[in-house]
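J.: Just the structure for this:
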Amino acid sequence: MPRSTQITGLAIGAVALTAVIAVAVRMLDEPTFTFASAPLADDPACVRISEHFPARLAGLDRSETSTKSAAVWGDGAVVARCGFAHEATDDACAQVKGVDWAWRTNRDNNGQEVLFTYGREPSVEVQVTVGKAAPDSVLVGLSSVVKPLKQNTRCLAGSDVPAPNDRTP
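T.: Presented below is the predicted three-dimensional model:
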């Protein structure tokens, strides 16, 4: 084999190796978030909506995750997971862009607000780190994404529930 062919082969190999190392280093610099999938993450509806999670949410860039039917923004400031069973709740509830959202009032989750779709199957849970993302911006950004999930019930306002003495037997 001619010496110039050997040198060319070595040069091509060195360039390829450098490219592989550069990609590997870049991948190490970008954290990949891994956490438990929701119990119903394999539901086809979750798979469909997870394909539409936005690249930016509440001013935060989307981060990589290997968790099925989930997305992360702002290096973990916001985490969304699709695939929970709908549960009745007395937590506060409000409608945002046609989607009912409820939020847990306790903050025992390391400074995170826990919000979830109400009345939709499967349900989507969103954890928002207080001070790193605005929950209202997060809900505005996600409502159009989760709206295609089947809605079974709606939030009720206090005025929707008759007082005990107003009920007819």
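J.: So which residue is dead centre in the chain?
T.: residue 80 (2.1 Å; C-alpha atoms, centre = their mean).
J.: That one contacts residue 124, correct?
T.: Yes: shown here, residue 80 and residue 124 form a contact pair, counting by C-beta atoms under 8 Å, at 6.1 Å. For glycine as for every other residue, the C-beta is placed from the backbone atoms N, C-alpha and C.
J.: So which residues of the chain form strands?
T.: 32-33, 56-57, 60-65, 70-73, 78-84, 92-96, 99-103, 112-117, 120-121, 123-129, 150-151 (DSSP state E).
J.: Now do the same contact list for residue 61.
T.: 55, 73-74 (C-beta atoms under 8 Å, 6 or more residues apart in numbering).
J.: per-domain residue ranges of this protein.
T.: 1-30, 33-156 (automatic domain parsing).
J.: between these, which has the poorest average model confidence?
T.: Comparing mean pLDDT over the domains of the chain, the weakest stretch is domain 1-30, at a mean of 49.
J.: contacting residues for the residue nearest to residue 64 when sequence neighbours are not counted?
T.: Nearest residue to residue 64, sequence neighbours excluded (C-beta to C-beta, 6 or more residues apart in numbering): residue 32, at 4.4 Å. The neighbours of residue 32, taking C-beta under 8 Å, 6+ apart as the test, are 63-66.
J.: nearest to residue 100, of those?
T.: Among those, residue 65 lies closest to residue 100 (C-beta to C-beta), at 25.7 Å.
J.: Beta-bridge partners for that closest one, please?
T.: Residues found in beta-bridge contact with residue 65 (criterion: DSSP bridges) are residue 33.
J.: Hmm, residue 33 and it touching each other?
T.: Yes: between residue 65 and residue 33 there is a contact under C-beta under 8 Å: 4.5 Å.
J.: Which residues are in contact with each of those two?
T.: Joint contacts of residue 65 and residue 33 (C-beta under 8 Å, 6+ apart) are residue 72.
J.: Between the two, tell me which one has more neighbours.
T.: residue 65 (19 against 15; other C-beta atoms under 10 Å).
J.: Show me the helices in this protein, by range?
T.: With DSSP state H as the criterion, the chain has helices at 3-29, 44-50, 135-146.
J.: Check which helices and strands the shortest one is in contact with.
T.: Pointing back at helix 44-50 there. strand 78-84 (3 or more C-beta pairs under 8 Å, 6 or more residues apart in numbering; DSSP states H and E).
J.: from the chain's centre, how far out does the strand it packs on sit?
T.: From the chain centre to the centre of strand 78-84 is a distance of 5 Å (C-alpha atoms, centre = their mean, to the nearest Å).
J.: and if you look at stretch 55-62?
T.: 11 Å.
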